[in-house]
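Undergrad: Sequence first, predicted coordinates after that:
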Amino acid sequence: MDKNDFKTDTRYTITWQRPGGRAVPARIYVHRAYDTFMIARIAGADGKLRKITYPEVLKRIAEEAVDPAEMRPLPAALLDEKTWKNRDELEHYSSSPRRGK
């Protein structure tokens, strides 16, 4: 897999090899794709943003375009490549009146 296999603001169902070596199915929302990794949020998990390298994606099963009303915008500084240089995950949450939170 490489950067060309993933688009921003798109949901994917993948087989992901977790850092511990275990392969698990995952449904991800890709916020940003860089040359060597992507920043994604795993649906149904703890809500953390994660850096997923392309070799960790063993198989891409499904792709789903996201409706513009359902896109999850984040501050640009959180998605900047230099922010992710020395980290693998980031806990971020926000509330929005539009989403009823």
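TA: Received it, and whenever you're ready, just let me know what you need.
Undergrad: Show me where the protein has its strands.
TA: Using DSSP state E, the strands found in the chain span residues 10-17, 23-33, 37-42, 48-53, 57-65, 89-91.
Undergrad: so which of those strands comes closest to Ala77?
TA: strand 89-91 (11.1 Å; Cβ to Cβ). (C-beta placed from N, C-alpha, C; glycine too.)
Undergrad: buried ones in the closest one?
TA: If you call a residue buried by 16 or more other Cβ atoms under 10 Å, then strand 89-91 has these buried ones: Leu90.
Undergrad: quick one on the thing from earlier: please work out which of the strands of the chain is packed deepest.
TA: The highest average neighbour count among these, using mean count of other Cβ atoms under 10 Å, belongs to strand 37-42 at a mean of 23.
Undergrad: leaving aside the residues next to it on the chain, what's closest to the residue nearest the centre of the chain?
TA: The centroid of the chain falls nearest to Ala40 when counting by Cα atoms, centre = their mean (0.9 Å). In space, and not counting its chain neighbours, Ala40 is closest to Ile28: 4.1 Å by Cβ to Cβ, 6 or more residues apart in numbering.
Undergrad: Could you pull up the contacting residues of that neighbour?
TA: Shown in contact with Ile28 (Cβ atoms under 8 Å, 6 or more residues apart in numbering): Arg11, Tyr12, Ile14, Trp16, Ala40, Arg41, Ile42, Ala43, Ile52.
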